[in-house]
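Student: Model the structure of this input:
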Amino acid sequence: MNDNELRVTGLMFYYYWVCDRKLWYFYNNICMEQNNENVALGKLLDEKTYSKEKKHINIDNVINIDFIEKDNILHEIKKSKKIEEASIWQLKYYLYYLKQKGVYGLVGRIDYPLLKQTKEVKLLDSDEVIIEKVLDNIKKIILEEKPRSLYKKAICKNCSYYDLCYI
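Tutor: All right, here's what the predicted structure looks like:
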């Protein structure tokens, strides 16, 4: 597969904002999330909230929207705000991706059901420039021979890849 054929998924875009190493591991089929308690809690939350909505709208196996409200609002359900910046950019990427396919007039909303809060997300012209740079960066990261050097962050201790990075 050459560089132009690489498809960057919404999850890959999210991982870019979280951790370069996590992105590399995920792309290279090194999956550590199957036994992670935080991932299991997130899946349970997803199953139990907004049950009346048609959920998991997969588009081109690239983006997977939690659900779309009738007023053209894309919803992304998150457990907490710990990695909110990544969540915001993931949703902006969904809006960008759909805009590239000719779908306009959408806005995003991050739902935090446990916190009973929401956050509106809009795609700005300046965001599109950033997204295009991030897409290039993602392609560079995933095509590297090995994961990048370890850079410890506060979120590392709860990461499903913690053992792989630190043990």
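
Student: which stretches of the protein have low pLDDT?
Tutor: Scanning the chain with the threshold set as pLDDT under 70 gives 1-5, 33-53.

Student: what about the helices in it?
Tutor: 10-18, 20-27, 37-48, 84-100, 125-142, 162-166 (DSSP state H).

Student: Out of those helices, flag the one nearest residue 61.
Tutor: For these, the distance to residue 61 is smallest for helix 10-18, at 10.3 Å, taking Cβ to Cβ. For glycine as for every other residue, the C-beta is placed from the backbone atoms N, C-alpha and C.

Student: so what does that closest one touch, helix or strand wise?
Tutor: Applying 3 or more Cβ pairs under 8 Å, 6 or more residues apart in numbering; DSSP states H and E, we find helix 10-18 packed against helix 20-27, strand 63-65, helix 84-100, helix 125-142.

Student: buried stuff in it?
Tutor: Buried residues in helix 10-18, counting neighbours by 16 or more other Cβ atoms under 10 Å, are found at 10, 12, 13, 14, 15, 16, 17, 18.

Student: Make a markdown table from the residues you listed and add distance to residue 29 to it.
Tutor: Listed next are the buried residues of helix 10-18 as a markdown table, based on distance: Cβ to Cβ, whole Å:
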| residue | distance to residue 29 |
| --- | --- |
| 10 | 18 |
| 12 | 13 |
| 13 | 18 |
| 14 | 17 |
| 15 | 14 |
| 16 | 17 |
| 17 | 21 |
| 18 | 18 |
